[in-house]
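> Next comes the sequence, and after it the predicted model I'd like to discuss.
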Amino acid sequence: MSMSLLLLIVAAIGVAGYLAGSWRARGLAGGKLSNLHSRPGYYGSFVAICAMIPALLLLLAWSIASPIYIQSTIRAGFPESVKMQPEATQNLSYNMISAIARGLPRMTQEERRALAEDGASARTLLAAKGVPLASEPEPYMVQSAQDLDRATVASSLWRAVLVIAAAAAGAFLSFRLIAPRLRARNRVEGVMLGGLVAASSIAILTTVGIVASMLTEAAHFFNSVPAWEFFFGTVWDPRFAAAGATGSSGQFGLVPLLAGTLYIGFVAMLVAVPVGLFAAVYMSEYASRGFRSVVKPLLEVLAGIPTIVYGFFAMATVGPFLRDISAQISGLATGNYASFIQAQSVLTAGFVMGIMLIPYVSSLSDDIITAVPRALRDGSLGLGATRSETIKKVVLPAALPGIVGALLMTASRAIGETMIVVLAAGVAARMQLNPFEPMTTVTVKIVNQLTGDLEFTSPQTLVAFALGITLFVITLCLNIYALYIVRKYREQYE
Amino acid sequence: MNIMSETAAEKVLEKKMNEISYKMIGEAVSVYYGDKRALYDVGLKVRENTVTALIGPSGCGKSTFLRTLNRMNDTIEGCRVTGRIVLDGDDIYDPSIDVVELRARVGMVFQKPNPFPKSIYENVSYGPRIHGLARTKADMDAVVETSLQRAGLWNEVKDRLHESGTGLSGGQQQRLCIARAVAVSPEVILMDEPCSALDPIATAKIEELIHELRANFTIVIVTHSMQQAARVSQRTAMFHLGNLVEENDTDKMFTNPDDQRTQDYIMGRFG
Ligand SMILES: Nc1ncnc2c1ncn2[C@@H]1O[C@H](COP(=O)(O)OP(=O)(O)O)[C@@H](O)[C@H]1O
Ligand SMILES: [Mg+2]
């Protein structure tokens, strides 16, 4: 039985349970709802939940476990000669077997028999059914495929039977439980609470998973490259050795990348912070309500533009523009029209990234400035301070910790930014101080090391995880510090 | 003997009040919040060195009127004031009037204590500093000290002037706000229910303070407590639904008001 039909049946049982449950509760109430502990709808929901949740959990568990179980039994049945082969070859064979098994249900009985007897024509037979095979299957594969098909059909049948049984049993038992004293509302709300907790733990668990996987891979990397060489090395030159070749593993110095990251981030903040803050002050203190109601959403839309678009802008417009301008300037100054700003440069990337960050800075700071209590402003204005004095001497100092927190969060975005840097500052890992020349960042190198046709065991790829975890730790620290500051600031008013 | 001198003093005061010019005069003051009208042609004269109490049921426009006196309504978007308000003969809504200077002359204390999240010293010196009232550090120290003394707070905070003003108790915070207002040497101090967030003891202290401040300042106070109006004020104005119902000597107001609505309000029949 197909998955969707099964889900539909379970849902139908749930709906029926809901209706029956609320009907029964109403009957028990005898026309006086106050006899019941909860409103009838809660009894209905209670039955529906008892019917559906165990059934769905069973379905989920079965759907995960049964393919694994079937695969292991099928592979256990492989001929000894096949079992001798390397793991990768066996995987390929199993893939072919499951492809054949997928074709089997589309065949008639005669075709199946023909397939079993005459392995040689299997490929054409299956191709006619829309299942392309890379090569002619070996006879044992057809045999295994038939086993696999049988097992799959049986599993799906049992799955349907058990799931429906679970749903029906859940509905029946919980229906029997209905009594005026049953605390249906509390139970339903308990389940909802559980759902909410599960949803929020998914995010946390995923993060834990990400960190764990990065840590293990990074540990592999540090097996082949010493940690101090990575953290303090000043040369980034991870030569890609041909697979299998030894000796040339390259140099993995983090310092040039970190320097590029911080440099570009610094230039970006230099652009974003003043502009964003001034915009925020204007928006929160001076702009009329009408203007604000138009511009604030607009700024927030700006924050939603994919960064690759900013990357285009940097590469196609800002970079060439700066290069040409610099050529003009040097021409006027020295007579030699050589541009001193390269098309890809720290300046270009930082500038465009700064523009990208303006909406973050202004939107976050705007919220924080607006949150400064009106009473403080009134107090200052009431003493005869002008608006700008009030902003400078009362509002901004009161908002400062929050603003610093917002800036730290923004900085961690700048550090994590990739696309703009690739397009605007290039991929050359260099250690230098001239903002008019290209540099690159940690994130760019992560992408660089992981794209392409690579083994996942060489230090050249594993270094990406070490870079990733370094970046993760840096941004995590920034964010924690920012949260700490923001929280401290909140306490002032409460 | 004591009683004698008190009545004598009251007589003198009464005489003085009869002679004395009015500090602020509102004529046909109307206020609109957008399309909504909050005040209807209020005419009220505020006597110098007198405490004038504004009473009335909540929402009747007491705060609104109070804020017209130092143009704090200007800070509210969509608020419009018509009519005339005169301070010592000058129309304060005249375009030639600098609102900054006006607010230095007509200070304000708010309903909820709102000290700045700065030190006590900085709270008090804030006004003098922006108005350039003290040239040297010693001058400023003196201003801060006298202001805190006038607000009856000096003895409690003189050893911790550099601790945050927000760390004080509610009553102390409110007295700090009064000191802050006093520090710019205003002529009029407006108070909008200054005790509504305070406990009875802190309230008593502030009321006592208002008594003392009266010697140097003209005070207009909004209060929802009839007893407080009776205790601190010499003149009382009763508002109802945006109209000024009656303005009278406080004693008369609470014993024998002219208007039926005042009587009803004072007897607690509405509000
Ligand atoms: N900022 C404002 N915007 C719109 N309406 C306001 C505003 N402030 C006060 N009002 C209205 O003006 C009327 C008078 O308010 P207010 O002066 O605060 O009354 P009171 O201080 O006597 O309780 C009320 O009806 C109130 O709803
Ligand atoms: Mg009020």
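Sure thing, it's come through. Ligands and ions are numbered 1, 2, ... in the order given.
> Which residues of the stretch 101-250 of chain B lie near chain A?
Contacts of the stretch 101-250 of chain B with chain A, taken as C-beta under 8 Å from any C-beta of the partner chain, map to B:101-104, B:107-108, B:110, B:112, B:114-118, B:126-127, B:130-131, B:166, B:177, B:180-181, B:184. Placement of C-beta: from N, CA and C, glycine included.
> Which of the residues you listed fall within helices?
Using DSSP state H, the subset of those located in helices is B:Glu101, B:Leu102, B:Arg103, B:Ala104, B:Tyr126, B:Gly127, B:Ile130, B:His131, B:Cys177, B:Arg180, B:Ala181.
> Just confirm the first one contacts A:Gly384, I think it does.
Yes. Taking C-beta atoms under 8 Å as the definition, B:Glu101 is a contact partner of A:Gly384 at 6.9 Å.
> who's more crowded, those two?
Shown here are B:Glu101 and A:Gly384; by other C-beta atoms under 10 Å in any protein chain shown, A:Gly384 has more neighbours (24 against 12).
> my read: that one touches B:Val100, true?
Yes. Assessed by C-beta under 8 Å, A:Gly384 is found in contact with B:Val100 at 4.9 Å.
> Need the overlap of contacts for those two.
Shared contacts of A:Gly384 and B:Val100 (C-beta atoms under 8 Å, 6 or more residues apart in numbering or on different chains): none.
> next structured bit after the longest helix seen in chain A?
As assigned by DSSP H, the longest helix anywhere in chain A is helix A:184-224. Sequence order places helix A:227-232 as the next helix or strand after helix A:184-224, per DSSP states H and E.
> packing partners for that next one?
Contact here means 3 or more C-beta pairs under 8 Å, 6 or more residues apart in numbering or on different chains; DSSP states H and E; on that basis helix A:227-232 packs against strand A:251-252, helix A:459-491.
> Give the partner strands of the first one in its sheet and their orientations.
For strand A:251-252, the paired strands and their directions (DSSP bridges) read strand A:236-237 (antiparallel).
> Pick out the residue closest to the middle of chain B.
Centroid-nearest residue in chain B: B:Leu190, 2.3 Å away (criterion: C-alpha atoms, centre = their mean).
> and the closest residue to that residue other than its chain neighbours, what does it touch?
In space, and not counting its chain neighbours, B:Leu190 is closest to B:Met108: 4.6 Å by C-beta to C-beta, 6 or more residues apart in numbering or on different chains. Neighbour list for B:Met108: A:Asp378, A:Gly382, A:Leu383, B:Leu66, B:Arg67, B:Asn70, B:Met72, B:Ala181, B:Ile189, B:Leu190, B:Met191, B:Asp192 [criterion: C-beta under 8 Å, 6+ apart].
> Next, work out how far apart B:Met108 and ligand 1 are.
The gap separating B:Met108 from ligand 1 is 14 Å, by C-beta to the nearest ligand atom, to the nearest Å.
> for B:Lys112, same thing?
13 Å.
> all helices for the stretch 51-200 of chain B, in order.
Assigned by DSSP state H, counting those that start in this stretch, the stretch 51-200 of chain B shows helices spanning B:62-68, B:99-105, B:120-131, B:137-150, B:154-157, B:170-182, B:200-213.
> Pipe those into CSV and attach mean pLDDT per row.
What follows is those, written out as CSV (pLDDT from 0 to 100):
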stretch, mean pLDDT
helix B:62-68, 95
helix B:99-105, 92
helix B:120-131, 94
helix B:137-150, 94
helix B:154-157, 94
helix B:170-182, 93
helix B:200-213, 91
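> how much space is there between the residue nearest to B:Glu208 when sequence neighbours are not counted and A:Ala429?
Taking C-beta to C-beta, 6+ apart, and ignoring the residues beside it in sequence, B:Glu208 has B:Gly152 as its nearest neighbour in space, at 7.4 Å. Using C-beta to C-beta, to the nearest Å, B:Gly152 is found at 68 Å from A:Ala429.
> Look at these two and report which has more neighbours.
Higher neighbour count among B:Gly152 and A:Ala429: A:Ala429, with 24 against 18, using other C-beta under 10 Å.
> Quick check: the more buried one is in a strand.
No. According to DSSP: H, G, I helix; E, B strand; the rest coil, A:Ala429 belongs to no strand; its state is coil.
> Quick check: it touching A:Leu258?
No. Counting by C-beta under 8 Å, A:Ala429 stays clear of A:Leu258, with 10.3 Å between them.
> and A:Thr370, what is it in contact with?
Going by C-beta under 8 Å, 6+ apart, A:Thr370 touches A:Ser284.
> show me the contacts for the closest residue to ligand 1 within chain A.
Using C-beta to the nearest ligand atom, the closest approach of chain A to ligand 1 is made by A:Arg374 at 10.1 Å. Neighbour list for A:Arg374: empty [criterion: C-beta under 8 Å, 6+ apart].
> Now do it against A:Gly14, distance only.
51 Å.
> lowest-pLDDT helix or strand in chain B?
Sorted by mean pLDDT, DSSP states H and E, the helices and strands of chain B end with helix B:2-19, the least confident at a mean of 59.
> after that one comes which helix or strand?
Sequence order places strand B:22-33 as the next helix or strand after helix B:2-19, per DSSP H and E.
> what sits up against that next one?
By C-beta under 8 Å, 6+ apart, the surrounding residues in contact with strand B:22-33 are B:37-48, B:61, B:64-65, B:68-69, B:73, B:76, B:78-88, B:106, B:187-188, B:218, B:220.
> per-residue confidence averaged over that strand?
The average pLDDT for strand B:22-33 rounds to 94.
> packing partners for the next helix or strand after it?
Downstream of strand B:22-33, the next assigned helix or strand under DSSP H and E is strand B:36-47. Applying 3+ C-beta pairs under 8 Å, 6+ apart, one finds that strand B:36-47 contacts strand B:22-33, helix B:62-68, strand B:218-222, strand B:235-240, strand B:243-249.
> Next, see if the last one gets close to ligand 1.
When you say that, I think you mean strand B:243-249. No. Strand B:243-249 stays clear of ligand 1 (C-beta under 6 Å from any ligand atom), getting no nearer than 11.6 Å.
> can I get the helices and strands packed on strand B:36-47 in a markdown table with mean neighbour count?
Below are the helices and strands packed on strand B:36-47 laid out as a markdown table (neighbours: other C-beta atoms under 10 Å in any protein chain shown):
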| stretch | mean neighbour count |
| --- | --- |
| strand B:22-33 | 19 |
| helix B:62-68 | 24 |
| strand B:218-222 | 25 |
| strand B:235-240 | 25 |
| strand B:243-249 | 18 |
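> could you redo the ones you listed as CSV and give each row distance to A:Thr390?
Below are the helices and strands packed on strand B:36-47 laid out as CSV (distance: least, C-beta to C-beta, whole Å):
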stretch, distance to A:Thr390
strand B:22-33, 22
helix B:62-68, 16
strand B:218-222, 23
strand B:235-240, 30
strand B:243-249, 32
